[in-house]
Each structure stands twice: as structure tokens, then as C-alpha cells.
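In: Could you look at this predicted model? Sequence included:
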Amino acid sequence: MAVLARLSLTDAEVERLSTELEAILDYVETLEEVDTTDVRPMSHVLPLATPLREDRAAAPLDPQAAVVNAPESAGSAFVVPRVIDGEEEG
Amino acid sequence: MDYEVVIGLEVHTQLRTESKLFSPAPVSYGEEPNHSVHPVCLALPGVLPVLNGQAVELAIRAALATHCEIHPYSVFARKNYFYPDLPKGYQISQYEEPLATGGWIDIELGEGLTKRVRLTRIHMEEDAGKSIHDSEITGGHATHVDLNRAGIPLLEIVSEPDLRSPAEAAAYLRTLRSILRYVDVTDADMEKGHFRCDANISLREPGTSEFGTRTELKNLNSFRFVEEALHAEIDRQGELLDDGVAVQQATMAFDASSQRTRVLRLKEDADDYRYFPDPDLIPLQIDLADIDRVRDELPELPEDRRARFREQYALSDDEAVQLTASRASAEFFEAAVVTQGSAKPIAKWMLRDLAQVLGQLEIGIEDVVLTPDQFAALVGLVEEGRVTPKSARELLPELVERGGDPTALASERGLEAVTDSGVLEGVVDQVIADHPEDVERYRAGEGKVLNFLMGQVMRRTEGKADPGAVRDLLSRRLS
Amino acid sequence: MEASSPLPSLRGVRDLLDSGEGTSVGIVNEALERADALDEALGAFTGMRAEGALEDAAAADARRAAGRTLSPLDGVPVAIKDNMVMEGEPTSCASRILEGFVSPYTSTVVERLRSRGAVIVGRTNLDEFAMGSSTEHSCFRPTSNPWDLDRAPGGSSGGSAVAVASRIVPAALGSDTGGSIRQPASHCGVVGMKPTYGRVSRWGLVAFASSLDQIGVFTRDAGDAALLLEAIAGHDPADSTSLREPVPRFSEELTGDISDLVIGLPREYFLDEGVDPGVLAAVRDGVSVLERAGAKVREVSLPHTRFAVATYYLIATAEASSNLARYDGVRYGRRAASATDLSQMYFLSRSEGFGEEVKRRIMLGTYVLSAGYYDAYYRKAQQVRALVLDDFQKAFDECDVIATPTCPETAFRLGEKTGDPLSMYLGDIYTVSANLAGIPGISVPCGMAGGLPAGLQLLGGPLQEATLLRAADVFQRLTSHHTAVPTAI
């Protein structure tokens, strides 16, 4: 789970989190008492259809403003440690 | 051993919009890194997606053109994974409830054979950014990330595993690309990565119905590449199976220089994308009335138009296929026929002479300044004998580039055919008088001498005489 | 502390400006001075915007002099929770991972406030990424409750609640995902309102749980809340979940008459166990005030209440685990200095950048969405969510407003619950349902229990903010709890 979330945890953290998460998961088990047969899962409360935007392009962000917050950049590109072939996902 | 090849294709094509799928950032190509971005493309804290209506319209159009069922209710989901060019840490895609399912396209396998390939689904999703690994740019220790492409609208079209050879796969891709370009859904410019393909491929013993273990070939960006990569992977899997080694489920890459495929990474259970409905977007609802409207506005599809051209204009199979290869070409043809009335010469002039000029100028028919009317007028002049084919071919490049009235241009250039019978008779008589020996030989039965005499007449009229008229006149005078 | 003087309410400031007794520059200066004097003890702010605020105040004074006042908020100092972005200003979300981040764009709420002349004076403290109920989970420092500095103000919008309760600013914005406005309002003795989901644009609000987050207001009374809410509410095309319904002039709906209203008391919220008796007594007193003002009172039922907290934590953490994936050290924020390869960049940056509570929720949310558990947890929670909404729809067939305690108890001691996350979560029992159902809610001070403020929560049907404000306004016309000044400052 920590790998999926890209978190590296110390052994102490793992131990504490496991205990806490177990307690929380035990608690949420109470939902099993609820009969949800034929209940449609609700992912949003709005009585709306998704609004559509007109296909009009706006002026882009100034490239310097785009990278000004980056920990590392070169020109107008973001820079990250070298990606090794095969790390690619998606 | 000979195995049966089973191939299914996933195509990602870029929808033709001005702005991105969920933000007003402009869609661009070839810009400097991060010159076409908006806070949404950078996944800045606090940004939210709003769906581009035109992308939905184009997706509906593509689904109708491929005979899919469009769902009035579809859901955008988040596909969660970490990668530097995926700014949000998830891609907005459609998963459990896609826009459309269950279509098909017919592909031509040559010699009049067609095959129906079923489509599994069509859905909309956003593109990721670009990671630049080129060490000349990055200095070798780093990867650069450019988010210009992040958020560009893509249509993913997934086929059933109905394809049985690399050639079928290539035919499927060509046909699909032609359909999508026809209905103006995409430019499908392969060089710009507008039309990308992943292939799922497995082998099985002929006669078995179960599928073998498949591998996925990623990022096949040209038709030739697809065929080569599939051949290479068929060879690789075949050799494994011959040796009794199981194929492992994996993502593969194709190396064109060695013509071999290699494992990028093995599929693992850890590939857990944790899809869930994007809570920033409410489900997409499409009115039946909208689907009907798009259907009514849909241009005639290539397969239908091809059949109609054969029938209505008495064209050959080959002519019909070539003229309908693009919508622009088919529409140019029909517009010209309306003006000129006679389809056959228009077709011939388009497929031979116009095509040659376009080839020389390296442009497409949509780039010519010459209007179908003007083109039809030029063909008309030739048909009526008022301009010789040779003169017409001389005029064509200029007309293609600048347009204009062919009659006026022919006159301006002095390229009108010599049709004044008095003038022509004078030239003919002069040639007869100047070549008494040849006239004798002709009269003695050496028929081919007539061609020599015609050539003389044509030369003296600088090619502007109608060859038919010259032949008639010479024959009459010499008989 | 004696050096600074308490600021008047929002309408109080407006009246000073209108009458010419005060200037915006003067009042903003007072706010800044008071923050300076008190905040070392309180920790309500993560940053002040002194220079910009004084410029804005001078511009407001110039407008007023020229007779071009923009709105009742023109020149009034307002604080924003430090999870709403403003161009050129830092946004921290009280997280190390956003270290150094300066926003290149502005949130819709800040845009709206400024276009109406309000002066943003500072950013307020919160639980990191709004995850918490105490404002202790801040990378800067915990915020203290002005009624007792050893106690937490509630959270996650604790800084905003404290800034208003301490009379540093007359009004502040907060965000409410499971009670993060109403609960600290209750613990600090101010009015806190969460509008209907979709009423206020989320563009520029740093997301915690997208389907639950909603921006709302802190003020001293309902009349001020009405003025502030009508300034920030309304459709925004940049937020797909923004409602298109026109926004009433809430301030004109405060008629002082509630004789047409039926108040529903959900029997599941008035159980004797699990609620502090003092709080329950204050809330019952509050209900009887409304009854005496002419409202009818009846019992209603919200049977799925006891499943609301579990449902809430499953949905909120799932959404959060995905919303927080963007903090990767690539485009902004903190990257671990020691990261030498890509994998370390992710793991170390995120592990060093996020605090304990955020990590806990990311882990829970990741688990809830993972293959094999999705149906049992996430889908199940979405189904129960539908039933919670159904409960409210049925209840609102029988009443106009639902009255409950805002919290089962008063402010707890700093550190009291940090070791027991589940007990902290259970404190949200009365507030999370409104977020699950997307309905509006307001917490109004209704008295003291053990020397600490208690809150009366009023919930309404979708878009019924005007009704809630009208009821709260009547309540405050008849009571004086909201005028009590915190004793610890």
C-alpha cells in the first residue's frame, strides 16, 4: 500500500499505522450491517449533467511562471532525476 | 509449427480541437517546453477540470462513423499512477462506463475480400506530457518534462481480437484512420503522434478456441512499424512456444534497427490503477437529440461513397477507391463533375495529371488554390478541343498554385488550340507542299507517314492545334 | 495584549466606514496590529499580507471618497484559510510539501471578495490539507483556542475561527469537508456556515475530498454571514460542480420571522449517551428559543446517522489519496534534497513533505480504492451515502430546518486526541452527514458548557441557505451568546 502511495515509512511508522488503520477498518466494517441491495452508488450529490465548455483557447500561462515554483528546471522545462527505460507506466 | 495469430489493437487518436480536453490551454505542436500550458495542465493546487464540448461532439461523430452504440450516460474516471509527465498523478479517462461500445468497421483485404472487425469500445481521455530523455538536451543525468501535450484530448478506440495477421492489422489501421479523417474527427497526422497504436498479440494452435498469453506492444507510430513489430513479436513468441517455453504477459517495445521486440516490463499484480469516478466531474449525459443531430450532419462515409461513385459515375473500382481516399479529394471530384457534367475525364485528369502536380509540389488537394469549377473548366476546354492536353498540362501547375480562369490564362499564354479552320488549312497545305516525297510515300500506302506530317503541323502551330482536327484535315487533303 | 483593540463586526466596520468615523487603512492597520499582538499566543495565522492589504485599503478609501464604493464589504478586512490560492501569494495548506509555493493564479472566492472591495489581510492556519478536527496537524504550529489556550480550537479551519473569535478580523473564509467550518465555529463561539455543495466555487481551493469540500464563512453573527456569503456564492464556469441557481440577496431575507418554519429534531442526534450533558442542555435551550419565536418543533428520524462517519472516512480518504498524488516534487513544492533517482524523488519527497495524519489518510484511501477492496469499501460507502441523502430528503418532507448539536462536546485539550485518530474522527458525528448529502449547515453559539462555547447546528435542504440564515438571525436577535468575548485573550 505504501508503495502504491509512494510513501516510504519507517518500521515504527509502519507498526503504528498498521494498528491505527486496523482499528479504523474494524470500525468501518459496521457498514456491512447496511442493506444496500439495489442502491445505486452515489459519486456526487448534484442533480446536474456535466457542463460543457466552448472549445476556445485562452492565452497560455507565461512559461516562466509555469516553472518558477519548480524545485529544478532548465529553460522552460521541468527537470527530474533520469527516468530509466521500463519505469514507464500507463 | 504454424500458429494462429490473434491481434487486437488500441488506437489513440488526437481529437481536432483548439483547446485541451479539460482546460482552455491551446493545443499546439512543436512549441518550446511548457509554452502551451494553463494552471490545469500543471495540476497546480486548486485547479479543476471542465469538459470541452467540441471533444464530446467529435467523439460522438467517431462513434457513429464506426457503428458504435453511444451511451447517454458515461463516467469519467481517474486512473491513478505516478509518472513525472502525469502532473495530477492520475489520468482522467473513462473506465467502467465509456462513451460508446460495440461497433465495427469493414477492412479490404484485396481481391475484393472484406473483413468485418468488431470494436470493443470508444472513450475519451487526456494525453500525458512528454518526458525528454535525449542526453544532448538533458546533459545525460536528468529527464526533462514538457507538459504542452498534457491534457490534449484523445479518443481511444479498442478493437476486439479479430485480426489474424500483421497485414490485417495494417489494413485495419489504414481504414480506421481514413474514416476518422473523413468525419473530421482528427488530423491523424502520424508524424505528429496524432494516431498512435498499441497492439495486443498472442499465438495459439490452429483450431483451438482459447487465447494464448498475450503481450502488449507499445507506441507503434507508423503503419510500417506496426507490421514489422508484429512480425518480430510473432517470431519471438513462436520460437518460445516451439521450445515449450510459456509466453509471459509483458509490455514490449520494438527496436526498428534490430527488427526485434524486447520486454519493457512484466505485467504485475502491482499494476493497480485504483480507478474511481472523478469527483470533480459529474457524469456526461448525452441527449438522444444531440446524437441524431450529429448523425444527420455526418458526412457520407468512405465505404458508402465508394459504392456510390462506382454506380453513379460508372467509375472503375480503382478509380472509386482512389478518389474517395480522402474526403477532400472526393468532394473536389464531385464539385467538378457538377460543373463539367462528365465524370470520366474529370476522374482521369484528377488521378493522373492533378495528382502528379500535387506530388511535385508536395501538397494535398486541400491546399490547392484552383477551385473545382476552374479545374472542371480546364478539363472542359480539353474535351471541346479548345486547348490541347499538352497545353492543359502546362497550365495546370500555375492554376493549382494560383487559381484563375483557365480560358483567360490559355489565351494570355497563347495556348488556345488553333481551331480557326482557315489558319489550320493554310498550315496543312504548306506542310503538304513542303514534303512532296512523304506525301508520295503516304499515298503509296505507308500509313504511318501521316504521323510525321501531323508532327510537322503541330510544330508549326506550336502544339496548339487540336490533334484530331489536324488528322482529319490531313487525311482529307491526301486522299 | 492591551495594545490592540478588538475589531467590530463586519457590519460594525461597514458602519464606521460609511459614517466616516473610520478609514479602511485605519481598520486594516488595527487588524494587523491585533494579529501582531495576539498571534504569538494563538497561532491563528500562517502569514499576513500587510503591505498588499494596506494598498488595497488605501484604494478602498479612495473609492469611498470618490463615491464609488463597490459593496458593503468594500474596505473590510477578511482572512482566508491557507488553502485558497491568490496570485503572487504563498499557499501552504500548512504542509511542508508546499514549501515555497507561490500561486500564479487566483481562486474564484478571492477574486470575488476583492472585486467587491474586501481586503485580504492574511492566511489562517489549518490542519495540513484540511485533514483534521483540531488544527494541531499543521506544519507550523497548533492553533490555540482563545477561550482556553491549552485547548484546540477545532478544525480544520481553526485559524479562521480563532481569527474571528479573537476579534482580529470581522470575517474569514474556511472550507468544510466533514465539519471543518461548523465544528471550530462551535468550539470558538462564532457563526460558521457551510453552504450547499456547489453554491460556492471550488476553483482555487486546494482539494482534500472533491465531492465533499465546500467553502463557507466565519462571522460573529448571521447577518454578517449573509453579507459575506452573497459576495462569494454563485455559478462559476471554471468549476464543473458549481450550481447554476441564482443566489438570493441573503441579507435581505433576514425578516426576523420564523413562524412559518417547522424545526425537526432527529432522534438519533439527541441520544443521552455520547453527548456532553452541558452541550445537550445548551442545544435544547437553543431549540426552545426558536420555538418561543414561533417555529414549530417536531421529531424526525435520520436512521443512517450512525454509519455516516465510516462512510465519510472511506469516501474522503479515497478522494484525498488521489487528490494528493500531484504533490510529487516535480512542478512545485518540496523535493527531498537527498533524492538521487526518480523513485527516491517520489518516496522521500512525499514522506518528508506530508505529516502523520495526511499519510494515515493517504494510506487508508489507497487501500480503500485498491483492487479487491474497492467494492467492499468504496462502492459500499457510495451506496450508504445515497441512503444518508435519502434520510434527509424524507426528513425535509416533514420539516424545514433540522436542529442538532454541532459537536458532541466542547473544545478538547491540545494533544488529547492526537494519539487516537478514531476518537478524533468520531467527534465529526454530527457534521459529516451534511457533507455526504451536500446540504447547507450553520453553527450558531448557543451558550456555554463548562466555561467553553457550545454550538447549535441548523441544517437545511439543498439551496436553503436563506432559511438557515433567517432562523440563525432570529436566534441571535433573542440571545447574546455571540457577543461573549473569549476569556483567554
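Out: Great, that's in hand. Numbering: from 1, shown residues only, chains lettered A, B, ... in the order given.
In: In this structure C:Asp221 contacts C:Gly12, no?
Out: No: if you go by CB atoms under 8 Å, C:Asp221 and C:Gly12 don't touch, sitting 10.2 Å apart. For the C-beta atoms, the positions are set from N, CA and C on the backbone; glycine is no exception.
In: Contacts for stretch B:324-342 next, please.
Out: If you take CB atoms under 8 Å, 6 or more residues apart in numbering or on different chains as the criterion, stretch B:324-342 is touched by B:178, B:181-182, B:184, B:299, B:302, B:305-306, B:309, B:313, B:322-323, B:343, B:346-347, B:350, B:364-366, B:371-373, B:375-377, B:379-380, B:383.
In: Likewise for stretch C:275-283?
Out: With contacts defined as CB under 8 Å, 6+ apart, stretch C:275-283 is touched by C:270, C:272, C:403-405, C:407-410, C:446-450, C:454, C:456.
In: change it to 6 Å
Out: Applying CB atoms under 6 Å, 6 or more residues apart in numbering or on different chains, the contact partners of stretch C:275-283 are C:405, C:408-409, C:446-447, C:449-450, C:454, C:456.
In: want to try JSON lines for those residues, with secondary structure and neighbour count as columns?
Out: Listed next are the contacts of stretch C:275-283 as JSON lines, based on DSSP: H, G, I helix; E, B strand; the rest coil; neighbours: other CB atoms under 10 Å in any protein chain shown:
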{"residue": "C:Pro405", "secondary structure": "strand", "neighbour count": "26"}
{"residue": "C:Pro408", "secondary structure": "coil", "neighbour count": "18"}
{"residue": "C:Glu409", "secondary structure": "coil", "neighbour count": "18"}
{"residue": "C:Cys446", "secondary structure": "strand", "neighbour count": "30"}
{"residue": "C:Gly447", "secondary structure": "strand", "neighbour count": "21"}
{"residue": "C:Ala449", "secondary structure": "strand", "neighbour count": "18"}
{"residue": "C:Gly450", "secondary structure": "coil", "neighbour count": "13"}
{"residue": "C:Ala454", "secondary structure": "strand", "neighbour count": "30"}
{"residue": "C:Leu456", "secondary structure": "strand", "neighbour count": "29"}
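In: what two of those residues have the greatest distance between them?
Out: Greatest spatial distance in the contacts of stretch C:275-283: C:Gly450 and C:Leu456, 16.8 Å, computed using CB to CB.
In: CA atoms of the helix or strand of chain C with the lowest mean pLDDT as CSV?
Out: When each helix and strand of chain C is scored by mean pLDDT, DSSP states H and E, helix C:421-426 comes last, with a mean of 84. Presented in CSV, the C-alpha positions along helix C:421-426 are these (Å, rounded to 0.1, in the frame of the first residue of the first chain):
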residue,chain,number,x,y,z
PRO,C,421,-7.3,9.1,15.4
LEU,C,422,-10.6,7.1,15.5
SER,C,423,-11.9,9.0,18.6
MET,C,424,-11.0,12.3,16.8
TYR,C,425,-12.9,11.1,13.7
LEU,C,426,-16.0,10.2,15.9
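In: in it, what's buried?
Out: Neighbour counts using 16 or more other CB atoms under 10 Å in any protein chain shown place C:421, C:424-426 of helix C:421-426 among the buried residues.
In: Which strands or helices does it pack on?
Out: helix A:11-28, helix C:308-323 (3 or more CB pairs under 6 Å, 6 or more residues apart in numbering or on different chains; DSSP states H and E).
In: Reformat these as CSV; add mean neighbour count and mean pLDDT.
Out: Formatted as CSV, these follow (neighbours: other CB atoms under 10 Å in any protein chain shown; pLDDT from 0 to 100):
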stretch, mean neighbour count, mean pLDDT
helix A:11-28, 14, 90
helix C:308-323, 27, 97
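In: out of those helices, nearest to B:Asp235?
Out: Nearest of those (CB to CB): helix C:308-323, 41.4 Å.
In: now what about that closest one, what contacts it?
Out: If you take CB under 6 Å, 6+ apart as the criterion, helix C:308-323 is touched by A:28, A:30-31, B:78, B:80, B:90, B:279, C:178, C:207-210, C:212, C:361-362, C:364-366, C:368-369, C:377-378, C:381, C:384-385, C:388, C:425-426, C:429, C:432-433.
In: How far off centre is the least confident helix or strand of chain C?
Out: 19 Å (CA atoms, centre = their mean, to the nearest Å).
In: repeat for stretch C:223-243
Out: Centroid separation for stretch C:223-243 versus its chain: 14 Å, with CA atoms, centre = their mean.
In: Do that stretch and chain B come into contact?
Out: Yes: Stretch C:223-243 comes into contact with chain B (CB under 6 Å from any CB of the partner chain), by way of C:239-240.
In: Residues of the stretch 151-300 of chain C that sit close to chain B?
Out: C:203-206, C:210-211, C:239-240.
In: pull the longest strand from chain A.
Out: When chain A is parsed with DSSP state E, its longest strand is strand A:77-81.
In: who in the stretch 151-300 of chain B is up against chain A?
Out: Residues of the stretch 151-300 of chain B found near chain A (CB under 6 Å from any CB) are B:264-265, B:277, B:281-282, B:284-285.
In: Show me which of those residues are buried.
Out: If you count burial by 16+ other CB under 10 Å, the buried members of those come out as B:264, B:277, B:281-282, B:284.
In: Would you convert those residues into a markdown table that also reports secondary structure and pLDDT?
Out: Listed next are those as a markdown table, based on DSSP: H, G, I helix; E, B strand; the rest coil; pLDDT from 0 to 100:
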| residue | secondary structure | pLDDT |
| --- | --- | --- |
| B:Leu264 | strand | 87 |
| B:Pro277 | strand | 96 |
| B:Leu281 | coil | 95 |
| B:Ile282 | coil | 92 |
| B:Leu284 | strand | 95 |
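In: Check those residues and tell me the two furthest apart.
Out: Among these, B:Leu264 and B:Ile282 lie farthest apart (CB to CB), at 36.6 Å.
In: any idea where the strands of the chain begin and end?
Out: You didn't say which chain, so I picked chain A. Shown for chain A, the strands assigned by DSSP E span residues A:52-53, A:73-74, A:77-81.
In: hmm, I had chain C in mind actually
Out: For chain C, the strands defined by DSSP E occupy C:45-48, C:77-81, C:119-124, C:171-176, C:191-194, C:214-219, C:262-266, C:296-300, C:401-405, C:441-449, C:452-460.
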